[in-house]
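> attaching a predicted model along with its sequence, questions to come.
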Amino acid sequence: MKRYMVGALILLMGFALIAGCTDDGEEEEGDVWKITINESEYDLEEIFDEFQTTTVTGSNDVEYEGVSLKVLLEDAGVSDLSAHTYTLKASDDYSKDVTYLDIEAGILVEEGRMTVFPDLPGKYRIKDVVSIEPSDADTITVNGKLYTWMQPFDIFTSDIVMTDEENNTFEGILLSDLINATAVDDPWEFNFTIKAGDGFSVEVAWDDMLRGLLVNDDDHMTFFPHLTKKYRVKDIVEIEVVSK
């Protein structure tokens, strides 16, 4: 008799263990994904029930349908989109900063709980988004086009390495690639003014831009291997196309 009682007890404990694992490992039915937008909490279901959807084509040439990020931020109380950059954060803490112009063009897609921007690469199709918040990330304006500082390094090949006469190493993207992306016709017909946040600036020619780098480091600087240190402009805020 004791043998049967022990067997029954072990069986019951097994069922209890299985049930416990199931409860801990699965999302309960009825749970709703939450997204914080400008410190206001939204249910994903609520977003797609209450807001009109629109369709955009991503940089991968795939069409996505979703709710305008601009509309969501305005609904959450952001009255002047152009006053901020915006930080998008996923549930695993992966994050990216975008400009207000990106926000105006971007959408939130229900499938994958994902952001999509027509002019930004796959790194900005952020899945399982948990927050979209105004921020003050550094920016750079190139021929009138606004980027957050890190966007050029996500968009263009950023592993070009150059060294100076002292064997210091600089890694970044070609300045000519950045200019070409802004659709300058006949760039060799122009000069380029590189401006720092403190007002310092230098002017270079197209041949210099073909050989120079926007450097991916904390100094936010340019490097031209054939020019003097005067042209290593730090804390860049703008690259302007000017007539010769």
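Happy to help now that I have it. Numbering: from 1, shown residues only.
> please make it C-alpha for all contacts and neighbour counts, starting now.
Will do.
> can I see the domain layout of this protein?
Per automatic domain parsing, the structural domains of the chain span 34-136, 142-243.
> format the ones you listed as TSV; extra columns: mean neighbour count and mean pLDDT.
Below are those laid out as TSV (neighbours: other C-alpha atoms under 10 Å; pLDDT from 0 to 100):
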stretch	mean neighbour count	mean pLDDT
domain 34-136	18	96
domain 142-243	17	95
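> residue 40 against residue 76, yeah?
Yes: contact criterion C-alpha atoms under 8 Å: residue 40 and residue 76 qualify, at 6.2 Å.
> overlap in contacts of those two?
Counting by C-alpha atoms under 8 Å, 6 or more residues apart in numbering, no residue touches both residue 40 and residue 76.
> with adjacent residues omitted, what lies nearest to residue 203?
Nearest residue to residue 203 in three dimensions, chain neighbours excluded: residue 193, at 4.4 Å (C-alpha to C-alpha, 6 or more residues apart in numbering).
> what residues does the one you found make contact with?
When contacts are counted by C-alpha under 8 Å, 6+ apart, residue 193 touches 201, 202, 203, 204, 239, 240, 241, 242.
> ok, 10 Å please
143, 201, 202, 203, 204, 205, 238, 239, 240, 241, 242 (C-alpha atoms under 10 Å, 6 or more residues apart in numbering).
> what helix or strand is the spatially most central residue of the chain on?
By C-alpha atoms, centre = their mean, the chain has its centre lying nearest to residue 96, at 3.4 Å. Under the criterion of DSSP states H and E, residue 96 resides in strand 95-98.
> residues in contact with that strand?
84-90, 106, 117, 120, 123-126, 129, 131-139, 146-151.
> hmm, who's touching the helix or strand containing residue 204?
Following DSSP H and E, one finds residue 204 within strand 201-205. Strand 201-205 has contacts (C-alpha under 10 Å, 6+ apart) with 187-196, 212, 224, 227, 230-234, 236, 238-242, 244.
> quick one: the helix or strand that it is followed by to chain centroid distance?
Sequence-wise, the next helix or strand downstream of strand 201-205 (DSSP H and E) is helix 206-211. With C-alpha atoms, centre = their mean, to the nearest Å as the basis, the distance from the averaged C-alpha position of helix 206-211 to the chain average is 28 Å.
> who touches the nearest residue to residue 41 once chain neighbours are set aside in this structure?
Setting aside the residues directly before and after it, residue 41 is nearest to residue 35 in space (C-alpha to C-alpha, 6+ apart), at 5.7 Å. For residue 35, the contacting residues are 41-44, 47, 89-91, 113, 128-132, by C-alpha under 10 Å, 6+ apart.
> A strand includes residue 35, no?
Yes: the assignment for residue 35 by DSSP: H, G, I helix; E, B strand; the rest coil puts it in a strand.
> bridge partners for it, pull those for me.
residue 42 (DSSP bridges).
> roughly how far apart are it and residue 67?
Distance, residue 35 to residue 67, by C-alpha to C-alpha, to the nearest Å: 13 Å.
> need the overlap of contacts for the two.
Common neighbours of residue 35 and residue 67 are listed as residue 47 (criterion: C-alpha under 10 Å, 6+ apart).
> pretty sure residue 211 sits against residue 174.
Yes: counting by C-alpha atoms under 10 Å, residue 174 is a contact partner of residue 211 at 7.0 Å.
> and the helices in the chain?
Under the criterion DSSP state H, helices of the chain are mapped to 2-25, 44-50, 69-75, 100-105, 151-155, 175-180, 206-211.
> tell me the contacts of residue 122?
By C-alpha under 10 Å, 6+ apart, the contact set of residue 122 is 58, 59, 60, 115, 116, 154, 155.
> contacts only, for residue 46.
Applying C-alpha under 10 Å, 6+ apart to residue 46 gives the contacts 32, 33, 34.
> ditto for residue 63
Going by C-alpha under 10 Å, 6+ apart, residue 63 touches 55, 56, 57, 116, 118.
> fine by me, we can end here.
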